[in-house]
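Colleague: Here is my input, please return the structure:
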Amino acid sequence: MDAISAEAFSNSYSGPAPVLVAGDSEATLQRGVRTVEASGLRIGATMLLDQAPERIRSQASASALWVELDSDGGAAMDRLLDQVSEEAADGRYAAVVAAPGSLVDPLLSRITSAEVELVIDGSDAERAAALAIASSGVHRAARLSDVAADQNSARLRQLSAEVSRIASTLARLSSVPGEGPKSFSPHPPGEVPNLSPEQVRAVIRARRLRGRFFSEDLFADPAWDMLLDLLQAEIAQLRVPVSSLCIAAAVPATTALRWLKTMTDKGLFVRRADPHDGRRVFVELAPDTSMTLRRYFADVGPVQVI
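Modeller: Numbering: from 1, shown residues only. Sure thing, here's the model as predicted:
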């Protein structure tokens, strides 16, 4: 497909600004175009990865950028993702990156902006929802009032509220009895309760066993599953890449990434770049989150908490 020149987008259009589509092949471009058109939005331009950076810069305005990937595009993909993450964070546009699960680690090593929606192995409904969030301007503070009633905006606010609740609960658990709730604060190493990896593994195994008897959807709790997985890894002195943590969350990868982003924003998780691989990111518990979880297990004792 040929990219449409910037001059084609004049003020004669009375509707919203167009959506740009980038992809790593003609097939992915067509897939992205179908999603945009099915959402009733106008296509501004289509471009392959190596053409995309310059073409995006020349665009006067856009409702959103849709990036469709099927495989690891190497340096060309990295350059585009770096640009998209930076420009989306600056508020130039919102973006959606749709990709298979095999690309989670290289994607997260480049994308740090909350204005970039990730859709991993997404269904048509998930793709449409991500585009609606991006094109609505939900991430742009100046336009929040325009989307207050939007269902997708409400879903994101609900997620943020749930993570805030978890953070508040952890803060209460970290307080000393009799002193009331207080914010997280460092504690001397000697106060860290002993906790074996077997204790945490037993809880994780018990949680997974529920799926043999009931639908997993009944017990979806990605935040708690991620906390347990990172605690187990910390005790065993293992590093957890983003892709592994998404699997541990036991929910679709797109949902897991949304939880991961929010938990990181709330200070519960910490992202660490892999010093040996610039295209991989590790996730670990923030020190105060780790302390609180250990105290929780110490207070619960031998009871199986699932």
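Colleague: what's the spacing between Val200 and Asp221?
Modeller: In this structure, Val200 and Asp221 are separated by 15 Å, where distance is defined by C-beta to C-beta, to the nearest Å. Where you see a C-beta, it was placed from the backbone N, CA and C, and this is true even at glycine.
Colleague: out of those two, which sits in the busier spot?
Modeller: Val200 (23 against 17; other C-beta atoms under 10 Å).
Colleague: Tell me, domain by domain, which residues of the protein belong where.
Modeller: Following automatic domain parsing, one finds the domains of the chain at 6-148, 181-300.
Colleague: So for the residue lying closest to Asp265 once chain neighbours are set aside, what's the pLDDT?
Modeller: Residue nearest to Asp265 in three dimensions, not counting chain neighbours: Ala114, with 7.0 Å by C-beta to C-beta, 6 or more residues apart in numbering. Looking at Ala114, its pLDDT is 82.
Colleague: I'd assumed Leu260 was in contact with Ala114.
Modeller: No: between Ala114 and Leu260 there is no contact, the gap being 11.7 Å when judged by C-beta atoms under 8 Å.
Colleague: more neighbours, the two?
Modeller: Per other C-beta under 10 Å, whichever of Ala114 and Leu260 has more neighbours is Leu260, with 25 against 16.
Colleague: Next one: that one relative to Val200, how far apart?
Modeller: The span separating Leu260 from Val200 equals 19 Å under the rule C-beta to C-beta.
Colleague: which element is Glu86 on?
Modeller: Counting by DSSP states H and E, the secondary-structure element that holds Glu86 is helix 74-89.
Colleague: to the chain's geometric centre, what's the distance from that helix?
Modeller: 16 Å (C-alpha atoms, centre = their mean, to the nearest Å).
Colleague: Likewise for stretch 203-221?
Modeller: Mean-position distance between stretch 203-221 and its chain equals 23 Å (C-alpha atoms, centre = their mean).
Colleague: Please point out which parts of that stretch sit buried.
Modeller: Judged by neighbour count (16 or more other C-beta atoms under 10 Å), stretch 203-221 contains these buried residues: Val203, Ile204, Arg207, Asp221.
Colleague: Low-confidence stretches in the stretch 151-300 of the chain?
Modeller: Under the criterion pLDDT under 70, the flagged ranges of the stretch 151-300 of the chain are 151-192.
Colleague: now the strands: where do they sit in it?
Modeller: Assigned strands in the stretch 151-300 of the chain, in chain order: 240-241, 269-273, 281-285 (criterion: DSSP state E, counting those that start in this stretch).
Colleague: Good, wrapping up.
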